[in-house]
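**Q** coordinates for the following, if possible.
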Amino acid sequence: MFKTYFYTLEIALLSTLIAAAAGIPAAYFTARRRFPGRRLLLSLSAVSLCVPSLIVALGYVSFWGMNGFVNRLFRTEFSFLYSTAGIVIAQGFYNVPFITGIVSEAWERLPREQENAARLLGAGEGRVLRTITLRQLSGAIGAACIPVFLFCYFSFMIVLLFSPVGRSTLEVEIYHSIRTTLDISSGAKLALLETITAFGIVLAYSFMSRRSQTASSGVDYAPLVKKKLGLETALFIPLIFLILIFLIFPLLSVFASGAGEIKKVLGARGFWKAALHSLECGLATGLACTLLGFAYSVAVKLCRKQGNVLLQTIPVLPMAISSVVISWGATMIFHRGSPALLVALETGLYWPIAYRQIQNGINRITYETDAAARLLSKNSFDSIIRIYLPACRPVLISAFAYCFAVSLGDATMPLVLSIRNFDTLALYTYKLAGAYRFGQACACGGIVAALSMLIYTLGKK
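**A** Residues are numbered from 1 along each chain as shown. Have a look, this model is predicted:
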């Protein structure tokens with residue numbers, strides 16, 4: 001058990017280090033430099049947020065696999081996928097855009113006074129970066145890296161497909177315990193160990209997130225005029241090359257590998273049933289998450305407890321529970337999975353995402369507006385309808401779209417719940433890959449990825 005536990009920590013730590021090693025330099029270039037493709041690089045944050053890890057795994061197989069594009073191009077039989085290195089590289093570069101987006105935004109908002117004072121005193125750019133800039137960014141870096149660590153810690157699909165013989169992670173072992181070996185006792189011990197560790201990490205994330213918000217709140221900053229690339233080109237070119245071959249090209253290869261099979265997939269009756277189920281679950285989950293997140297945000301605002309540590313910690317607690325563990329627990333209680341149970345579990349895990357976005361919208365309501373609403377409204381409900389709801393409409397739409405996209409790409413919960421005669425698009429893609437119909441799996445996976453990114457992008461717009 002502890003061998004699996006430490007291997008899980010090792011995988012998560014190495015993946016996070018790779019994501020940070022590429023994501024933080026990329027954040028520097030997007031925050032401080034102008035170059036072609038800058039906006040495209042920032043927009044890739046949608047990949048980590050809404051493209052399922054199953055699609056990334058399919059992309060790596062089609063690009064780096066034994067019969068992938070690279071081996072066909074160079075006529076070799078090289079592949080690093082089915083090893084620890086394959087898992088770490090796939091997970092690490094999958095999360096690079098997530099770190100880049102968060103750190104880049106924080107970097108742009110840094111006050112310049114300390115940096116300029118250090119330069120006037122003779123400090124070089126390297127020393128300014130080490131002693132001032134990175135210290136100011138420590139909260140944002142921690143708030144970005146800890147969720148990535150949790151994503152990799154709870155990773156299921158990539159590990160399930162790429163894990164070497166004799167090695168596994170807690171999440172995969174829990175799944176095998178409850179579905180293959182039926183060793184409930186062993187699965188319960190692993191689930192308890194996994195959840196306790198994740199709970200400690202989530203508390204650290206809550207602390208780092210508050211530190212990041214405190215460091216950036218209320219600070220007036222002058223946007224830095226972005227300069228063109230200079231001597232940093234020697235670092236920039238290899239960085240972009242790595243992102244291309246380990247993230248962008250594998251994703252594009254999913255669409256290329258599935259292009260010839262799209263008609264066959266669209267002609268299958270199972271595809272349209274899965275699409276209908278995904279649409280129903282996505283709409284229900286997105287609506288439920290948005291309503292729950294809005295209700296909690298309004299409650300915190302009305303009682304004026306935005307700074308309360310307990311109230312701010314509650315929304316991050318679901319991050320400590322994995323999809324496999326919560327799905328297994330639900331089947332132990334209800335004995336049989338159902339679409340309604342799937343929606344309820346996804347809502348329980350994803351509503352904090354909606355809350356974080358909605359909270360940002362509610363926090364923009366000024367104290368004067370809030371006080372006037374309390375004074376002139378008949379009651380709190382009237383104040384919510386007339387003030388809070390119109391003010392939060394953009395973030396409500398964005399939160400709904402994001403939760404919808406995440407639900408659309410979730411294959412883990414439907415797989416563990418094993419709902420009879422019920423497939424979602426993500427689960428349908430997994431089953432196609434398991435049946436060695438790789439071209440059709442890529443075609444279906446490309447459709448899922450395109451739909452997820454489209455929904456997410458429309459919500460952001």
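
**Q** hey, let's count contacts and neighbours off CA atoms from now on
**A** Will do.

**Q** where does the protein have its least confident helix or strand?
**A** In the chain, no helix or strand scores lower on mean pLDDT, DSSP states H and E than strand 227-228, which sits at a mean of 70.

**Q** sheet partners, orientation included, of it?
**A** Strand 227-228 pairs in its sheet with strand 33-34 (parallel), by DSSP bridges.

**Q** what about residue 82, how many neighbours?
**A** Neighbour count of residue 82, defined by other C-alpha atoms under 10 Å: 16.

**Q** please apply the same query to residue 249.
**A** Neighbours around residue 249, by other C-alpha under 10 Å: 17.

**Q** buried ones in stretch 56-75?
**A** 56-71 (16 or more other C-alpha atoms under 10 Å).

**Q** re earlier: quick check: what element follows the least confident helix or strand of the chain along the chain?
**A** The C-terminal neighbour of strand 227-228 among helices and strands, as given by DSSP states H and E, is helix 233-243.

**Q** so how far is that following helix off the chain centroid?
**A** In terms of C-alpha atoms, centre = their mean, to the nearest Å, the centre of helix 233-243 is found 24 Å from the chain centre.

**Q** look at residue 6 and give its secondary structure.
**A** With DSSP: H, G, I helix; E, B strand; the rest coil as the basis, residue 6 sits in helix.

**Q** before we move on, the earlier item: name the residues that touch the least confident helix or strand of the chain?
**A** Residues from elsewhere that reach strand 227-228, judged by C-alpha atoms under 8 Å, 6 or more residues apart in numbering: 32, 33, 34, 35.

**Q** buried subset of those, written for ChimeraX?
**A** Here is the ChimeraX command that selects the buried residues among the contacts of strand 227-228 (16+ other C-alpha under 10 Å):
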select :32,33
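
**Q** quick one: low-confidence residue ranges for the stretch 301-450 of the chain.
**A** By pLDDT under 70, the weakly predicted segments of the stretch 301-450 of the chain are 305-309.

**Q** residue 364 and residue 48, how far apart?
**A** 27 Å (C-alpha to C-alpha, to the nearest Å).

**Q** okay, the two: which has more neighbours?
**A** Neighbours were counted for residue 364 and for residue 48 using other C-alpha under 10 Å; residue 48 has more, 20 against 10.

**Q** quick check: the more buried one touching residue 100?
**A** No. Contact between residue 48 and residue 100 fails when scored by C-alpha atoms under 8 Å: they sit 10.7 Å apart.

**Q** give me the distance from the least confident helix or strand of the chain to the chain's centre.
**A** Computed by C-alpha atoms, centre = their mean, the chain-centroid distance of strand 227-228 equals 30 Å.

**Q** before we move on, what about stretch 236-253?
**A** For stretch 236-253, the distance to the chain centre is 19 Å (C-alpha atoms, centre = their mean).

**Q** name the nearest residue to residue 125, ignoring sequence neighbours.
**A** Of all residues not flanking residue 125 in the chain, residue 119 sits nearest, at 7.7 Å (C-alpha to C-alpha, 6 or more residues apart in numbering).

**Q** that neighbour: neighbouring residues, count only.
**A** 13.

**Q** does it touch residue 127 like I think?
**A** No. Applying C-alpha under 8 Å as the test, residue 119 and residue 127 come out as separate, 9.4 Å apart.

**Q** between the contacts of strand 227-228, which sits nearest residue 388?
**A** Within those, proximity to residue 388 (C-alpha to C-alpha) peaks at residue 32, which comes in at 35.6 Å.

**Q** give me the neighbour count for residue 3.
**A** Neighbour tally, residue 3, other C-alpha under 10 Å: 11.

**Q** if anything else comes up later, I'll come back, but that's it for now.
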